[in-house]
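Q: test case, fold it:
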Amino acid sequence: MICPPLKKSRAFSLAELLVSSLITSALLFGLAGTIYLLIEIRRYTDDLDAALSRAEMVFSILRTPIEYSGYGLPKDETDYMECFGMPAVSPYNWPGPLSVSFSNRVGMGRRENAVCKITYAIETKCRTLTQEAVSGDRFKIAASGTPAQLLTDAKDADPETIIQNWFVFGAMTPRRVPARYTGRSTAAKITYLSFKFKKAVSEPVLIPENDEIYGLRALECEVRKRDDEILPCTPTTRPEASEAAGSREWTVSLT
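A: Down below sits the predicted model:
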């Protein structure tokens, strides 16, 4: 049996090597572009998740202040300050229950160090048990429960300058006026809360039965930029984070 002669293998020509190199380079270039695109998408997704997480945290902090901003308070700047007696401390000297102040810079720089100031109401789970017609500057009303945030035992501070001592009644007519809590008493197992207006009301006001009593709070939101570095969002959950003359405020730094 005679075997056929073996064919000699032929090497690639220079042209074939150049063509294969070009094809391989094109494939690798396309693959590298795809990998880079995937990395950028992942980076964008991570940044988006971080931004959404930060936004959700900020919105959760600001939801109640924005929803109840200025509840039961005069909207006019002068009336707002007069209802508290115009003390020269925050938040009573703010230009109304909701205001935004900017820096003195021009253009986009105005947004740096901008401050949003909000005076708002919170529920106290405390309601009136009787209807009360109020005239003058002091009154006492029967209520179910006692607001837990009362700070009448605060030391080294005028109770008038503590925002937690001020309350509004949800259905007071003809107009709502903030009143400062001055104490409580008990008679026949009924709790009576005492309040005082900063000045006597010009016309009698009516507080209906089963009216919700709201406490007042104040909050500042600051957008800060220092040495070209935007500060991260650092919400404060303790009211003693910022104090000015006994007025306790919550400060939230936003980017």
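Q: okay, now the unreliable bits of the stretch 101-250 of the chain?
A: 103-113, 147-158, 223-250 (pLDDT under 70).
Q: and the strands in it?
A: Along the stretch 101-250 of the chain, counting by DSSP state E, counting those that start in this stretch, strands occupy 114-128, 132-134, 138-144, 166-169, 179-187, 190-196, 205-207, 212-223, 225-226, 229-230, 242-244, 247-254.
Q: out of those, nearest to Y44?
A: For Y44, the closest of the strands of the stretch 101-250 of the chain is strand 229-230, at 18.8 Å, according to Cβ to Cβ. The C-beta positions use only the backbone N, C-alpha and C, and glycine is treated the same way.
Q: tally of neighbours for D137?
A: Using other Cβ atoms under 10 Å, D137 has 14 other residues around it.
Q: begin at 57 from now on, thanks
A: Sure, I'll start numbering at 57, so the last one becomes D193.
Q: would you confirm that it contacts F253?
A: Yes. Contact status for D193 versus F253: in contact at 4.5 Å, counting by Cβ atoms under 8 Å.
Q: can you give me phi and psi for A106?
A: phi -60, psi -40 (degrees, to the nearest 10).
Q: P234 versus that one, what's the distance?
A: Distance from A106 to P234, counting by Cβ to Cβ, to the nearest Å: 40 Å.
Q: quick one: the helices in this protein?
A: 70-123, 133-139 (DSSP state H).
Q: the more surrounded of A106 and P234?
A: P234 (23 against 10).
Q: and the more buried one, what does it touch?
A: Listed by Cβ atoms under 8 Å, 6 or more residues apart in numbering, the contact set of P234 reads 128-129, 139-140, 222-224, 253-254, 272.
Q: possible to save the residues you listed as JSON lines with neighbour count and distance to Y92?
A: Shown next, in JSON lines, are the contacts of P234 (neighbours: other Cβ atoms under 10 Å; distance: Cβ to Cβ, whole Å):
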{"residue": "G128", "neighbour count": "24", "distance to Y92": "57"}
{"residue": "L129", "neighbour count": "23", "distance to Y92": "55"}
{"residue": "C139", "neighbour count": "22", "distance to Y92": "61"}
{"residue": "F140", "neighbour count": "23", "distance to Y92": "60"}
{"residue": "W222", "neighbour count": "27", "distance to Y92": "58"}
{"residue": "F223", "neighbour count": "22", "distance to Y92": "60"}
{"residue": "V224", "neighbour count": "20", "distance to Y92": "58"}
{"residue": "F253", "neighbour count": "18", "distance to Y92": "68"}
{"residue": "K254", "neighbour count": "18", "distance to Y92": "65"}
{"residue": "L272", "neighbour count": "25", "distance to Y92": "55"}
